[in-house]
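Student: Kindly return the folded structure for what I paste below:
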Amino acid sequence: MIDANVSPSNPRDAQPTIGLIGMGAMGRMYANLLSEAGWLKINVCDIPSKHADLVREYANKPNITPVPDGYAVSRSSDFIMYSVEAKNIDEVVRQYGPSTKVGAVVAGQTSVKAPERDAFERYLPADVHIVSCHSLHGPNVNPVGQPLVLIKHRAPPEALALVENIFKCFRSRYVYLSYEEHDRVTANTQAVTHAAFLSMGTAWASASSYPWEQGLYVGGIETAKVNLVLRIYSNLWHVYAGLAILNPSARIQIDQYAKSATELFKLMLSGGSGAVDEEAKLRKRIEWSREVVFGRRSKGKSKERRPILLSQEVLDRFSLGKMPDSLPPSPSEALFGLAPPSKYRPNSHLSLLAMVDCWAHLGINPYEHLALAATPIFRLFLGVAEHLFLSPSLLSSAIQSSLFDNWHRSDDLEFVVAARGWSQCVSFGNFDLYQKRFEETRLFFEGRFEEANKLGSEMIKAIMETEVLREEEETEE
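Tutor: Predicted coordinates:
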């Protein structure tokens, strides 16, 4: 095996040959970052029909050499990374894995690790090492400070050291997990948030409505919802399908999310129609979930944990829609004398109530993995939920609105139908059905992604900068 202490400053002959099989968005991100860092021998491939396109794309990047197929990558590379869809990993490793160079280190950049581990163990020769990885962010997010999972599965310490040195240029934060721990952590930090955003998008598409254009869902918490939904749907469907369908823990959580949304919506309807017992049940259930999830946010710490989102106003500058100059009181505000009217029109925030309710029912502590392996999207949406549930006035206005405002009732209904539809889709375990459902919704938002992604990236950057400072301060305490 090549010297584990190698760096981009070493002569070409002393550097490892790095091989990437699969040149989708993440494969390209890895290739470009490694090349820019000074790694001089990077072999890449995709399906044979894309070889000519890759040759043209990288004609002016001498560090990156497109080769015809995975055989050429496997035979020549000292470090090989499979960056393919989770549903295809078995087929691709079966084809190219047996050709792996003796002593090479092999990794996989898949979102679900159980199929990857099985494929590696089944098809890779015994004389190669397995140190897998997973960057817990999308291809358009700056990797600096982001979690990069490393899994030393079948390898000596020097193989892990080689991988660490190759990826050192990312300036990511290494998180060391086993295959099993990875799948549990990613389910806990991504399954429910993805289900929420997918359901919101499908609900808006079904209602043929862009909520930020109506003046009712604009600013504050709504800004995060809109920008993150569009960010999810601007990506390819398989980015989310693998986690949802192939990770058993994710399936359970997506099913519970749909149940939570349905049951809360029923309580809103019955409680708002004058059934005092049902209204009390709704309030008690929301308060219970608040205590279960957020009552332990600072457990084990010497001082109160600082919230992720310090105020809704932080989000306003990233809004796609224009904030109305003034809003008349909503029926619930007028009924209960909440004057002056809120800057942000109250609504039920059913997607957030259901997310926290789901975590509470499954005993998931979202803070457990926050510093360890949280994606930027998870961190931001947790911050939004935290802001809602830890503000008595905000939570109270959401409950009042859920019971007594009718203007958002049809939107909540569309959301419940969408959440149940996504849960059913995942339960079938059918990738084609998932793709069809995703792309039908995606089509509705076509043409809106460029501006949303720009604002979304700026929004995530702003939140992450404050989060990095907070975590540094907590580490020093």
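Student: after the least confident helix or strand in the chain by mean pLDDT, next one along is what?
Tutor: Lowest on mean pLDDT, DSSP states H and E among the helices and strands of the chain sits helix 331-335, with a mean of 55. Where DSSP states H and E defines the elements, the next helix or strand beyond helix 331-335 is helix 350-362.
Student: how far does that next one sit from the chain's center?
Tutor: On the basis of Cα atoms, centre = their mean, to the nearest Å, helix 350-362 sits 17 Å off its chain's mean C-alpha point.
Student: Tell me which residues are up against that helix.
Tutor: Contact with helix 350-362 is made by 192-193, 196, 199-200, 221, 225, 252-253, 256-257, 259-261, 263-265, 268, 285-286, 288-290, 292-294, 364-366, 381, 384-385, 388-389, 398, 402, 412, 415-416, 419, as judged by Cβ atoms under 8 Å, 6 or more residues apart in numbering. All C-beta atoms are positioned from the backbone trio N, CA, C, and that covers glycine.
Student: repeat for stretch 281-300
Tutor: Contacts of stretch 281-300 (Cβ under 8 Å, 6+ apart): 264, 267-268, 271, 304-305, 353, 356-357, 359-361, 365-367, 386, 389-390, 395, 399, 402-403.
Student: Tell me the helices and strands packed up against whichever strand or helix holds S427.
Tutor: Here S427 sits within helix 409-428, counting by DSSP H and E. For helix 409-428, the packing partners by 3 or more Cβ pairs under 8 Å, 6 or more residues apart in numbering; DSSP states H and E come out as helix 192-206, helix 248-272, helix 350-362, helix 431-445.
Student: The longest one to helix 192-206, inter-axis angle?
Tutor: Using axes from the mean of the first three to the mean of the last three Cα atoms, to 10 degrees, the interaxial angle of helix 248-272 with respect to helix 192-206 works out to 60 degrees.
Student: Flag every buried residue along helix 248-272.
Tutor: For helix 248-272, burial by neighbour count (16 or more other Cβ atoms under 10 Å) applies to 249-251, 253-265, 267-272.
Student: The last one now?
Tutor: For helix 431-445, the neighbour count (16+ other Cβ under 10 Å) marks F431, Y434, R437, F438, T441, R442, F444, F445 as buried.
Student: Report how far apart the opening and closing residues of stretch 210-218 are.
Tutor: Distance between the two ends of stretch 210-218: 11 Å, counting by Cα to Cα, to the nearest Å.
Student: ditto for stretch 169-186
Tutor: 24 Å.
Student: and that stretch, which residues are buried?
Tutor: Those would be 169-170, 172-173, 175, 177, 179, 181-186, for stretch 169-186 by 16+ other Cβ under 10 Å.
Student: What lies in contact with that stretch?
Tutor: Under Cβ under 8 Å, 6+ apart, the answer for stretch 169-186 is 8, 33-34, 36-39, 111-114, 116-117, 132, 134-136, 143-153, 164, 243, 247, 249-250, 369, 372-373.
Student: and if we set it to 7 Å?
Tutor: Residues from elsewhere that reach stretch 169-186 (Cβ atoms under 7 Å, 6 or more residues apart in numbering): 8, 33-34, 37, 111-114, 117, 134-135, 143-151, 153, 164, 243, 247, 249, 369, 372-373.
Student: what's the offset of it from the middle of its chain?
Tutor: A distance of 14 Å separates the centroid of the chain from that of stretch 169-186, by Cα atoms, centre = their mean.
Student: mean confidence for it?
Tutor: Averaging pLDDT along stretch 169-186 yields 94.
Student: quick revisit: return a PyMOL selection command for the buried portion of the contacts of helix 350-362.
Tutor: Buried members of these can be picked out in PyMOL with the line below, counting by 16+ other Cβ under 10 Å:
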select buried, resi 192+193+196+199+200+221+225+253+256+257+259+260+261+263+264+265+268+285+286+289+290+292+293+294+364+365+366+381+384+385+388+389+398+402+412+415+416+419
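Student: and D46, which of the helices and strands packed on helix 409-428 is closest to it?
Tutor: D46 sits nearest to helix 431-445 of all those, at 19.1 Å, using Cβ to Cβ.
Student: who does the closest one touch, helix- and strand-wise?
Tutor: Applying 3 or more Cβ pairs under 7 Å, 6 or more residues apart in numbering; DSSP states H and E, one finds that helix 431-445 contacts helix 192-206, helix 221-234, helix 238-246, helix 409-428.
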